[in-house]
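[1] what follows is a predicted structure for the sequence shown.
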Amino acid sequence: MNDVIAAIATPAGEGALGIVRLSGPDVLAVAARFVRAPWQPRLATLALVHDEGRPVERAVGVYFPGPDSYTGDDVLELTAHGSPYLLSRILELAVRSGARLASPGEFTHRAYLNGRLDLAQAEAVSLLIRARTETTARAAFEQLEGRLSNAVEDLRRRITGGLAIVEASLDHPEEDLPAFGPETAAAAASRLAEEARRLAATHRRGRLAADGARVSIVGRPNAGKSSLLNALVGRDRAIVADEPGTTRDTLEETADLRGVRAVLVDTAGLRDEAEAGAVEREGIRRTRASLAASDVALVVLDRSVDFQEPDRSLLEEAAAGGRPVIVALNKADLPRASGLDGIEGVQVSALTGDGVSRLAERLADELARTGAAPEGEPWVVSLRHRLALEESAAALDRAAAVAGEAELAAVHLREALAKLGEIVGDTATEEVLRELFSRFCVGK
Ligand SMILES: Nc1nc2c(ncn2[C@@H]2O[C@H](COP(=O)(O)OP(=O)(O)O)[C@@H](O)[C@H]2O)c(=O)[nH]1
Ligand SMILES: [Mg+2]
């Protein structure tokens, strides 16, 4: 960690401005070989970039002395004109002056190693950069601010407290430790397990925020599923045809529904498999798989044809496991057929566009309900964090079950602590660290 790393921190391509960032204990010594500037901590200054005295660019430089910098080491940022040529020329001068090209995520990795960020916060940096909707950005920002880390630290502190008492009873078995019998200990461990599990359960929402909600559009052949997908995303994405069974494979398109990212999945129409050919049957199989994996089902009914028994079983299948179902009563431009009276749905015509925005609103409401962040509470966005919390809860359960045997209980409590430590990084393996930071872009 004693070398100076350097990278272009802005995206490739022309822009008004571009930034070259350097970090390392000797950053000023390296910079002195190719930049002339009266550096003062955290103050922007003109910085003349030169190649052996020949001027190359007049940049704006800022020097952030460690440890109060992004990485915790001395950091220097040079803001130049956003020319890809110029930026790589400056980077080359930095390397010639003794810096080394940074690997992806290396600045943030150093911040983590220097204790500027814990692992959950470092992961939030990458999540924030990749955020495409308000919900994702908020989830990432809160994680970066330490909301999840604080909740995990709080759990850890209390488990450590319990462990200290258990260990004290092991070290001094002759001393009676009153008011802390096995029942009290078991109850305390169970309570902590419950809290860890509650936090893990917020991943349901967190996952929606990060990856988007999966919305499967299902219905009978020719109901207008592909037409509705096109209408919802506002362009001709899926093939629409009179001929039933046109859509054979599932097709995905993302949409931003009032700040919540949604992945809309157009599917092959569901009908009696005995009447379908081999390709269509495979399509139907994929439709069922997509439905099973979706967070919300959008069932499209053609309201110009009579409601039939298969429609009823389709609605039931869509709602399996308590999945929210939104019904679109499509082809509202055609005369209404019979049997639809008890069905609550959004009247829509994919053909004329009537009702499409109302349908989008209904979807957005539903996603906001399932995907929105609980205000002011910590929540889990990453699967890695959820699994660690669940494993920690399981270890706490085991501790509760053997609360009368201090030695065994201590083993399980330590395991619960180690699992939580993986979230913030204290007990994360080298492998996990490498994997996480390799997903970053260079310059971050
Ligand atoms: N009149 C009318 N026709 C529609 C509407 N939506 C779709 N269609 C027609 O119904 C047929 C089947 O549409 P498509 O989107 O391919 O249905 P899918 O099989 O469910 O994907 C096509 O001829 C569409 O033009 C609508 O709202 N009104
Ligand atoms: Mg289709």
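    Good, I have the coordinates. Residues are numbered from 1 along each chain as shown. Ligands and ions are numbered 1, 2, ... in the order given.
[2] residue 34 reaches residue 48, doesn't it?
    No: counting by Cβ atoms under 8 Å, residue 34 sits too far from residue 48 to count as a contact (9.5 Å). Using the backbone N, CA and C atoms, a C-beta is placed for each residue, glycine as well.
[3] these two: which has the busier surroundings?
    Neighbours per residue, other Cβ atoms under 10 Å: of residue 34 and residue 48, the larger number sits with residue 34, 24 against 14.
[4] quickly note the distance from that one to residue 70.
    With the distance defined as Cβ to Cβ, to the nearest Å, residue 34 ends up 22 Å from residue 70.
[5] same check, this time on residue 6
    Look at residue 6 and residue 70: by Cβ to Cβ, they are 14 Å apart.
[6] now residue 328: which helix or strand?
    Under the criterion of DSSP states H and E, residue 328 resides in strand 325-330.
[7] list the contacts of that strand.
    223-224, 227-228, 296-303, 315, 318-319, 340, 343-350, 359, 362-363, 366 (Cβ atoms under 8 Å, 6 or more residues apart in numbering).
[8] buried subset of those residues?
    For the contacts of strand 325-330, a burial check counting by 16 or more other Cβ atoms under 10 Å picks out 223-224, 227-228, 296-303, 315, 318, 340, 345-346, 348-350, 359, 362-363, 366.
[9] what touches both of residue 6 and residue 70?
    residue 23.
[10] more neighbours, these two?
    residue 6 (30 against 20).
[11] so what's the backbone phi/psi at the more buried one?
    phi -140, psi 150 (degrees, to the nearest 10).
[12] list the contacts of it.
    Residue 6 makes contacts with 20, 21, 22, 23, 91, 94, 95, 99, 100, 101, 102, as judged by Cβ under 8 Å, 6+ apart.
[13] repeat for residue 364
    Residue 364 neighbours (Cβ under 8 Å, 6+ apart): 257, 258, 260.
[14] thought the last one was touching residue 212?
    Yes: taking contacts as Cβ under 8 Å, residue 260 lies within contact range of residue 212: 7.5 Å.
[15] name the helices or strands packed onto the biggest helix by length in the chain?
    Counting by DSSP state H, the longest helix found in the chain is helix 147-171. Here helix 147-171 touches helix 119-130, helix 182-201, helix 383-401, helix 406-424, going by 3 or more Cβ pairs under 8 Å, 6 or more residues apart in numbering; DSSP states H and E.
[16] helices and strands around the longest one, which ones?
    Packed against helix 182-201, as judged by 3+ Cβ pairs under 8 Å, 6+ apart, are the following elements: helix 147-171, helix 383-401, helix 406-424.
[17] give me the contact list for that helix.
    Here helix 182-201 has contacts from 151-152, 155, 158-159, 162, 165-166, 378-380, 385-386, 389-390, 392-394, 396-397, 399-401, 403-404, 409, 413, 416, 420, using Cβ under 8 Å, 6+ apart.
[18] for the first one, same thing?
    Residues from elsewhere that reach helix 119-130, judged by Cβ under 8 Å, 6+ apart: 105, 108-109, 111-112, 117, 136-137, 139-141, 143-144, 146, 148-149, 152, 210, 381-382, 385, 423-425, 428, 433, 436-437, 439-441, 444.
[19] tell me the first helix or strand C-terminal of it.
    Past helix 119-130, the next helix or strand by DSSP H and E is helix 134-145.
[20] average pLDDT across that following helix?
    Per-residue pLDDT over helix 134-145 has a mean of 89.
[21] kindly report the same for stretch 261-280.
    On average, stretch 261-280 scores 84.
[22] going forward, begin numbering at 12 instead of 1
    Fine by me, first position is 12 from now on; the one you just mentioned is stretch 272-291.
[23] wait, is residue 352 part of a strand?
    No: counting by DSSP: H, G, I helix; E, B strand; the rest coil, residue 352 is located in no strand; its state is coil.
[24] can you report how many residues neighbour it?
    7.
[25] and the gap between it and ligand 1?
    Taking Cβ to the nearest ligand atom, to the nearest Å as the measure, residue 352 falls 20 Å from ligand 1.
[26] next one: phi and psi at that residue?
    Dihedral angles (degrees, to the nearest 10) for residue 352: phi -60, psi -40.
[27] for residue 428, see how far away it is.
    For residue 352 relative to residue 428 (Cβ to Cβ), the value is 59 Å.
[28] before we move on, back to that, average model confidence for the first helix or strand past the strand holding residue 339 going along the chain?
    Scanning forward in sequence from strand 336-341 by DSSP H and E, the next helix or strand is strand 357-358. Per-residue pLDDT values over strand 357-358 give a mean of 96.
[29] can you check stretch 417-436 too?
    Averaged over stretch 417-436, pLDDT sits at 95.
[30] got it, and stretch 307-327?
    91.
[31] can you give me the end-to-end span of it?
    This stretch, stretch 307-327, spans 13 Å end to end (Cα to Cα, to the nearest Å).
[32] close to ligand 2, is it?
    No: using Cβ under 5 Å from the ion, stretch 307-327 stays clear of ligand 2, with a minimum separation of 9.6 Å.
[33] using PDB, write down the CA coordinates of the helix or strand in which residue 301 is found.
    According to DSSP H and E, residue 301 maps onto helix 289-303. Extracted C-alpha coordinates of helix 289-303, given in PDB (Å, rounded to 0.1, in the frame of the first residue of the first chain):
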ATOM      1  CA  ALA A 289     -43.300 -28.900 -29.200                       C
ATOM      2  CA  VAL A 290     -41.900 -25.300 -29.500                       C
ATOM      3  CA  GLU A 291     -45.000 -23.800 -28.000                       C
ATOM      4  CA  ARG A 292     -45.000 -26.300 -25.200                       C
ATOM      5  CA  GLU A 293     -41.400 -25.200 -24.400                       C
ATOM      6  CA  GLY A 294     -42.700 -21.600 -24.500                       C
ATOM      7  CA  ILE A 295     -45.400 -22.500 -22.000                       C
ATOM      8  CA  ARG A 296     -42.900 -24.100 -19.700                       C
ATOM      9  CA  ARG A 297     -40.800 -20.900 -19.800                       C
ATOM     10  CA  THR A 298     -43.900 -18.800 -19.000                       C
ATOM     11  CA  ARG A 299     -44.500 -20.900 -15.900                       C
ATOM     12  CA  ALA A 300     -40.900 -20.600 -14.800                       C
ATOM     13  CA  SER A 301     -41.000 -16.800 -15.400                       C
ATOM     14  CA  LEU A 302     -44.200 -16.500 -13.400                       C
ATOM     15  CA  ALA A 303     -42.700 -18.500 -10.600                       C
END
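[34] helix or strand right after it?
    Per DSSP H and E, the first helix or strand lying C-terminal to helix 289-303 is strand 307-313.
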